[in-house]
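One predicted model, sequence on top.
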Amino acid sequence: ETGVTQTPRHLVMGMTNKKSLKCEQHLGHNAMYWYKQSAKKPLELMFVYNFKEQTENNSVPSRFSPECPNSSHLFLHLHTLQPEDSALYLCASSQDTGTGVFFGEGSRLTVL
Amino acid sequence: KQEVTQIPAALSVPEGENLVLNCSFTDSAIYNLQWFRQDPGKGLTSLLLIQSSQREQTSGRLNASLDKSSGRSTLYIAASQPGDSATYLCAVKSARQLTFGSGTQLTVLP
């Protein structure tokens, strides 16, 4: 039990599908993050939410659409993805700027 | 823009050895530095968190140091075990975001 739960753990989708990744944190944190991890590349920050407000969008293509309905839940809506979007998508949360960041187990996405 | 570098990219050691992983960063205006462990296909597990005002943190066989002025951190692993085999990442938290290095892939041979 990591305190940050991601579902699904594995997802295979076609380029025309619409799917969503879900993240839930049970730590009472006020900030949540989406990261992308591709093979042989450093972790890439995608989005940051503080108190449900998006504070960072790291030039992410519009085919990725985040949603943060409350400070405990974070979604990543996916549509018309490309094969190069195949990666491990990691969700994380933290309390504030001075504390550590805690990660979920990730959602492995494969786009065919 | 903060840049984080980890050296070496890969390291292979026999069981029982003590080892040091290195992390350097370009902007010393940080809140904290965090070391993570990642097993293949899994998420990141936090190992140690060092606040910018601290010099080191210890947990079991792990010791992490921070020299903010020189932009360096080390992770020392004592008496390495095969179960320590994983990728180790350092991440620096600044005002805008958490910036990761590319990691060091550690293999401890039995």
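Great, that's in hand. Numbers count the residues shown, from 1 in each chain, chains lettered A, B, ... in the order given.

Look at residue A:47 and say how many residues are nearby.
22 (other CB atoms under 10 Å in any protein chain shown). C-beta: built from backbone N, CA, C; applies to glycine.

Report the beta-bridge partners for it.
Here residue A:47 sits in beta bridges with residue A:34, residue A:57, going by DSSP bridges.

I'd like to know how far it sits from residue B:17.
From residue A:47 over to residue B:17 the distance is 40 Å, taken as CB to CB, to the nearest Å.

Around chain A, which positions in chain B sit nearby?
B:4, B:31-32, B:34, B:36, B:41-46, B:49, B:51, B:89, B:91, B:93, B:95-103 (CB under 8 Å from any CB of the partner chain).

For chain A, which residues are neighbours of chain B?
Counting by CB under 8 Å from any CB, chain A sits next to chain B at A:2, A:4, A:6, A:33, A:41-43, A:45, A:48, A:56, A:58, A:88, A:90, A:92, A:97-106, A:108.

now chain B, which segments are flagged as low pLDDT?
Residues of chain B meeting the criterion pLDDT under 70: B:96.

Strands of that one, start to end?
B:4-7, B:10-14, B:19-25, B:32-38, B:44-51, B:56-59, B:62-67, B:72-77, B:86-93, B:98-100, B:104-109 (DSSP state E).

How about the contacts made by the residue positioned nearest the centre of chain A?
Residue closest to the mean C-alpha point of chain A, counted by CA atoms, centre = their mean, is residue A:34 at 3.2 Å. The neighbours of residue A:34, taking CB atoms under 8 Å, 6 or more residues apart in numbering or on different chains as the test, are A:23, A:45-47, A:66, A:74, A:76, A:89-91.
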